[in-house]
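Undergrad: with the sequence up front, the predicted model follows.
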Amino acid sequence: MQAGPTNSLCDIAGLRVGNAQDATLKSGTTVVVGDEPFVASVAVMGGAPGTRETDLLAPDKSVVAVDALVLSGGSAYGLDACSGVVDGLRADARGFRIADAQIPLVPGAILFDLLNGGDKDWADNPYRALGLAAYRDAQAEFEIGTIGAGTGALSAMLKGGLGTASLQLPDGSTVAALVAANPVGAVTTPGDRHFYAAPFEMNGEFGGLGPDPASGLGLSRESRKMNAMSARANTTIAIVATDATLTKAECHRVATAAHDGIARACVPAHTPNDGDLVFALSTAAKPAADVLLTGHAAALCLSRAIARAIYAATPAAGDVMPCWRTANADL
C-alpha cells in the first residue's frame with residue numbers, strides 16, 4: 001500500500017470537501033459531498049456524541065444512500081450546519097425524491113469547541129450559514145489544520161485541527177480518512193514532540209521524527225485542555241471513504257474497524273467525555289472490496305490523519321493552547 005496522489009479524502013474520485021470557518025468565532029464546519037449520492041454508515045464509540053440523522057445509516061434502515069456528510073464545531077449549535085447544507089443541496093435540485101418533494105439527506109456530527117477563546121456571544125446561530133458556505137466551497141483540493149470543523153479543535157496538550165490521509169490498496173481501490181481531531185486524550189507523547197501515530201507515518205507527513213524512544217507511555221494524564229476549560233470539551237469525529245463497492249452493513253463494519261485509528265493516535269480514546277464517531281462511505285466506483293483490508297486501511301489512514309491535523313495547526317489570536325509547530329520551534 002502507498003499514499004494516494006494528494007494523500008487526502010479527495011483521492012476518492014467523485015468526492016469533494018468544503019470548509020468554512022469564522023476566526024472570531026474560532027469554529028467552523030466541514031462538508032463532504034459526492035458527484036452522486038453514496039452509501040454510508042456510522043459507528044459511535046464515544047460516550048458523549050452529538051449527531052443528526054445518524055439512525056438512518058443503520059444497516060437495517062431503508063435509506064440506501066445520502067447526499068452529504070457534515071463535521072462541525074459548535075456542539076449542539078453546530079448541528080444546524082446540516083440545515084445549511086440541506087439548503088444548498090435543495091437549491092441544486094439534489095436529494096431523495098418522493099413525488100414532488102425533494103429531500104436532501106445530510107447526516108452530521110459535532111465536536112465541542114465552545115470554550116476555546118472564541119467569541120460565542122452570537123445573536124443568531126451562525127452554523128447554518130457556515131454549513132451552506134462549506135457546501136458551496138466543496139472542491140477536490142482543500143487545506144488541513146486550523147480550518148473547517150478543525151478550526152477550534154484542541155487535543156489534551158496542543159491545538160487540534162482538520163486532517164486527512166489516504167492509501168492505495170493492492171486491489172486498485174483507494175481508502176481515505178478525514179478527521180476533526182478534538183480529543184480528551186493527547187496526540188503527542190509527553191514533551192509534545194513525538195506523535196502516538198508515529199509508527200504509521202508515511203513519507204514524513206507529520207514531521208518524520210519517528211516513535212518516542214521512551215517506554216511506559218500513556219500513564220500520565222497531564223492535560224492543558226482540562227486545566228484551561230472543561231473535561232467535557234472534546235470529541236474526535238471522522239469520515240472514512242473508499243471507491244470500492246460496499247453495502248451499508250459493510251460500511252458499518254469499516255467504520256467500526258476505523259475506530260482503531262483513533263485509539264492508536266489519541267491516548268486515551270473513546271472516553272465518557274468524547275463523542276468519538278466515524279462515518280464510512282462507499283462511492284461504489286470499483287468492484288466489491290475485501291472488507292477486512294478496507295477496514296484495516298481505514299484505521300491506518302485515520303491515525304495518520306489525526307496526527308496530520310495536529311501537525312498542521314496554526315496559531316491564532318486568543319488561543320488558549322499552543323500549536324505543535326510553536327511548541328517545537330527548535331526543530
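TA: Okay, I see it.
Undergrad: adjacent strands (with direction) for the helix or strand hosting residue 239?
TA: With elements taken from DSSP states H and E, the one containing residue 239 is strand 235-245. Here strand 235-245 has these sheet partners by DSSP bridges: strand 174-182 (antiparallel), strand 277-288 (parallel).
Undergrad: with only the CA atoms kept, save the lengthiest helix in the chain in CSV.
TA: Criterion DSSP state H: the longest helix present in the chain is helix 291-312. Written as CSV, here are the backbone C-alpha positions of helix 291-312 (Å, rounded to 0.1, in the frame of the first residue of the first chain):
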residue,chain,number,x,y,z
VAL,A,291,-13.8,-5.6,3.9
LEU,A,292,-11.0,-6.8,6.2
LEU,A,293,-8.3,-5.0,4.3
THR,A,294,-10.5,-1.9,3.8
GLY,A,295,-11.2,-1.6,7.5
HIS,A,296,-7.5,-2.0,8.3
ALA,A,297,-6.5,0.6,5.8
ALA,A,298,-9.2,3.0,7.1
ALA,A,299,-7.7,2.7,10.6
LEU,A,300,-4.2,3.4,9.4
CYS,A,301,-5.5,6.4,7.4
LEU,A,302,-7.4,7.7,10.4
SER,A,303,-4.3,7.5,12.7
ARG,A,304,-2.2,9.4,10.2
ALA,A,305,-5.0,12.0,9.6
ILE,A,306,-5.2,12.8,13.3
ALA,A,307,-1.5,13.4,13.6
ARG,A,308,-1.5,15.5,10.4
ALA,A,309,-4.3,17.6,11.9
ILE,A,310,-2.3,18.5,15.0
TYR,A,311,0.9,18.9,12.9
ALA,A,312,-0.7,21.3,10.5
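Undergrad: now do the helix or strand following it: everything it contacts.
TA: Sequence-wise, the next helix or strand beyond helix 291-312 is helix 324-327, with elements assigned using DSSP H and E. Helix 324-327 is contacted by residues 158-159, 188, 192-193, 310-311, 313-315 when judged by CB atoms under 8 Å, 6 or more residues apart in numbering. To be clear about C-beta, it is placed using only N, CA and C from the backbone, and glycine gets the same treatment.
Undergrad: what are the phi and psi values at residue 128?
TA: phi -60, psi -40 (degrees, to the nearest 10).
Undergrad: excluding residues flanking it in the chain, which one is nearest it?
TA: Excluding the flanking residues, the one nearest residue 128 by CB to CB, 6 or more residues apart in numbering is residue 84, at 4.2 Å.
Undergrad: downstream neighbour of the helix or strand the one you found falls within in the secondary structure list?
TA: Following DSSP H and E, one finds residue 84 within helix 81-91. Downstream of helix 81-91, the next assigned helix or strand under DSSP H and E is strand 96-98.
Undergrad: residue ranges with poor pLDDT in the protein?
TA: Counting by pLDDT under 70, the chain has low-confidence residues at 229-233, 331.
Undergrad: now the strands for it?
TA: Ranges of strands in the chain, per DSSP state E, are 15-22, 27-44, 51-52, 66-72, 96-98, 101-103, 108-110, 161-168, 174-182, 235-245, 277-288.
Undergrad: phi, psi of the closest residue to residue 203 other than its chain neighbours?
TA: Sequence neighbours aside, residue 3 is the residue nearest to residue 203 in space, at 6.3 Å (criterion: CB to CB, 6+ apart). Dihedral pair for residue 3: phi -70, psi 150, per degrees, to the nearest 10.
Undergrad: with that, I have no additional questions.
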